[in-house]
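> Quick one: sequence and predicted model below, then my questions.
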Amino acid sequence: EKLVVAVVGATGAVGREMLSTLYSRNFPATTIKALASSRSAGTRVPYGDDELVVEELTENSFEGVDIAIFSAGGGTSTQFAPHAVKSGCVVVDNSSAWRMDERCPLVIPEVNAHALKKHNGIIANPNCSTIQMLVALKPIHDVSPIKRVVVSTYQAVSGTGQKGIQELETQVRQLFNGIEPENTVYPHRIAFNCLPHIDVFLDNDYTKEEMKMVNETNKIFEDPNIKVTATCVRVPVFYSHSEAVNIETEKKITAKEARAILATAPGVQLYDNPKENMYPLATVAAGEDATFVGRIREDESIANGLNMWIVADNVRKGAALNAVQIAEKLLEMDLVCVKDKNLFM
Ligand code: A2P
């Protein structure tokens, strides 16, 4: 049977990872279309041992396409996802454009695959920092509901796309050659620095990235009462986001119980043996599918609290892999169809 898949933003950091994930997981596509801006039309991107010729994204790109996975920025998703749905194509969108739209489920397959049943043509992939945090917290939340989360992130430059990777690389090279680096992507130097500033500042003085972690957690856990507060920091790491997470649960969960819960949790790799200097690292998680959890400790300052350190490859589980897993679930649950093609027009 025919199954046509489009990757929108195929030349980007996440788009390339999407192609490699589709290939390595043997996604049953019969045709893959690589779409990007007119700047890249005619160039080639790798797909397994083959190459795909990149086509320009237009409103008509989705005729005959069954599933489109978007990672080309919020503006592109806002503009083109409705046209995809109009063509009868189901969209899995990695941008923040549709995440809080009530018509669009926000899905982490290990956490809330059931939400896919109510999709209307656009399914949103959560923010990278939210995904890895909730993969680790959901199994604990199922045992004793989480009342409050305090999180600080240490986020890699690949989250900014190819240009973020380039900026760190260039600045490090310039500094080692005695050249004063220029900041083009970030407002300050990222090399050998930490920037408590990801995405734009909002009226409440939090950044948009921080509020994504708050709002997306409430939507995915279907519980507006979980209190979340976040500080998001960009660090000079190429791949993998790290997070220091403190939670308060309704009932006491000991560190030992938490380890037992996480040892068998889907998508989680327990990585916690301090005596052997074993704890999750960006260098351990990079290139891996799992969300690594370690440094599990009871928070001795409150009755029912836990601390942990959560690390995952932001380009994989944080973006490309999660999106491909959503597409796999859509197939498995027989949900590759659009009910109302005009809903988003
Ligand atoms: P292009 O390479 O043609 O600019 P990254 O997040 O790594 O910066 O990648 C962004 C991706 O989104 C790239 O594939 C880029 O294509 C694509 N993109 C950006 N703007 C558009 C647009 N207006 N139409 C189609 N694709 C776009």
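Nice, thanks for sending it over.
> Get me the contact residues on the stretch 151-300 of the chain for the ligand.
161-163 (CB under 6 Å from any ligand atom). For the C-beta atoms, the positions are set from N, CA and C on the backbone; glycine is no exception.
> Counting neighbours, which of these comes out on top?
Highest neighbour count within these: G161, with 19 neighbours (other CB atoms under 10 Å).
> my read: that residue touches V14, true?
Yes. Counting by CB atoms under 8 Å, G161 touches V14, with 7.2 Å between them.
> my read: A29 touches K2, true?
No. Using CB under 8 Å as the test, A29 is too far from K2 to be in contact (9.4 Å).
> So the two - more neighbours on which side?
A29 (19 against 8).
> could you measure the nearest residue to the more buried one once chain neighbours are set aside against D101, distance?
Take A29 and drop its neighbours on the chain: the residue closest to it by CB to CB, 6 or more residues apart in numbering is V5, 4.2 Å away. Distance, V5 to D101, by CB to CB, to the nearest Å: 23 Å.
> between those two, which one's more packed in?
Between V5 and D101, counted using other CB under 10 Å, V5 has the larger neighbour count: 23 against 14.
> Check which helices and strands the helix or strand encompassing the more buried one sits against.
Using DSSP states H and E, V5 sits in strand 4-8. Here strand 4-8 touches helix 13-24, strand 31-36, strand 67-70, helix 74-86, going by 3 or more CB pairs under 8 Å, 6 or more residues apart in numbering; DSSP states H and E.
> For the shortest one, which helices and strands make contact with it?
I take that to be strand 67-70. Secondary elements touching strand 67-70 (3+ CB pairs under 8 Å, 6+ apart): strand 4-8, helix 74-86, strand 90-93, helix 321-332.
> Give me the contact list for whichever helix or strand comes after the third one.
Okay, so that is strand 90-93. The C-terminal neighbour of strand 90-93 among helices and strands, as given by DSSP H and E, is helix 109-112. Defining contact as CB atoms under 8 Å, 6 or more residues apart in numbering, one finds that helix 109-112 is touched by 105-106, 134-135, 138, 220-222, 265-267, 322, 325-326, 328-329.
> PyMOL command to pick out the buried ones of those residues?
To isolate the buried subset of those in PyMOL, counting by 16 or more other CB atoms under 10 Å, use the following:
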select buried, resi 105+106+134+135+138+220+221+265+267+322+325+326+329
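> Which pLDDT value does the model give the nearest residue to P46 once chain neighbours are set aside?
Nearest non-adjacent residue to P46, counting by CB to CB, 6+ apart: L19, 6.9 Å away. Looking at L19, its pLDDT reads 98.
> wait, isn't L19 in contact with K33?
No. Counting by CB under 8 Å, L19 stays clear of K33, with 10.8 Å between them.
> higher neighbour count, these two?
For L19 and K33, the more surrounded residue by other CB under 10 Å is L19, and the numbers stand at 24 against 21.
> Return the residues in contact with the more buried one.
Contact partners of L19, counting by CB under 8 Å, 6+ apart, are 7, 10, 32, 34, 45-47, 52.
> List the beta-bridge partners for the nearest residue to K33 once chain neighbours are set aside.
The shortest distance from K33 to any residue that is not its chain neighbour, by CB to CB, 6+ apart, is 4.2 Å, and that residue is A6. Note on A6: beta-bridge partners by DSSP bridges are K33, A68.
> can you tell me which residues contact A6?
Counted by CB under 8 Å, 6+ apart, A6 has contacts 32-35, 61-62, 65, 67-69, 84, 89.
> what do you get for G74?
Shown in contact with G74 (CB under 8 Å, 6+ apart): 95-97.
> List just the nearest of the residues you listed to the ligand.
S95 (9.5 Å; CB to the nearest ligand atom).
> Can you give me the neighbour number for the closest one?
So S95, with other CB under 10 Å, has 22 neighbours.
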